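In: return atomic coordinates for the entry below.
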Amino acid sequence: MSNLVNDEIMEKISDEIWGKVEEGDSETWQEVTEIGFQKGLHPDDDLEDIVSIMIDNAWEALPDGPA
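Out: Have a look, this model is predicted:
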């Protein structure tokens, strides 16, 4: 994939996750809490770091390309 496509995909993932965080989606907040616990981070103080981890995890979970 080209860098432009990668950037667009990463932006879409970021927007999706931040949207769920801002909406108060319970599953997303559960993940925020779990990652915070695992990494020793607190959602009130380290939300950006936790969401960054969530974005990276979503990116890594993507398939490598078309089947």
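
In: which of the residues in stretch 49-59 are buried?
Out: 50, 51, 53, 54, 55, 58 (16 or more other C-beta atoms under 10 Å). No exception for glycine: its C-beta is placed from N, CA and C like everyone else's.

In: surely the last one and residue 17 touch.
Out: Yes - when contacts are counted by C-beta atoms under 8 Å, residue 58 is listed as touching residue 17 (6.7 Å).

In: and for residue 23, the neighbour number?
Out: 10 (other C-beta atoms under 10 Å).

In: local confidence estimate at it?
Out: Each residue has a pLDDT score; the one for residue 23 is 97.

In: now do residue 67
Out: 48.

In: burial count for residue 7?
Out: Per other C-beta under 10 Å, the neighbour tally for residue 7 reads 11.

In: repeat that for the one 3 residues further on.
Out: Residue 10 is surrounded by 15 other residues when neighbours are defined as other C-beta under 10 Å.

In: so what's residue 17 closest to, chain neighbours aside?
Out: Nearest residue to residue 17, sequence neighbours excluded (C-beta to C-beta, 6 or more residues apart in numbering): residue 54, at 5.3 Å.

In: now the one you found: which helix or strand?
Out: Using DSSP states H and E, the element containing residue 54 is helix 43-60.

In: next one: whichever helix in the chain runs longest to chain centre, how far?
Out: Longest helix of the chain, by residue count under DSSP state H: helix 3-23. Taking C-alpha atoms, centre = their mean, to the nearest Å, the mean C-alpha location of helix 3-23 is offset from the chain mean by 8 Å.

In: what lies in contact with it?
Out: Contact with helix 3-23 is made by 1, 27, 28, 29, 32, 47, 51, 54, 55, 58, 59, 62, as judged by C-beta atoms under 8 Å, 6 or more residues apart in numbering.
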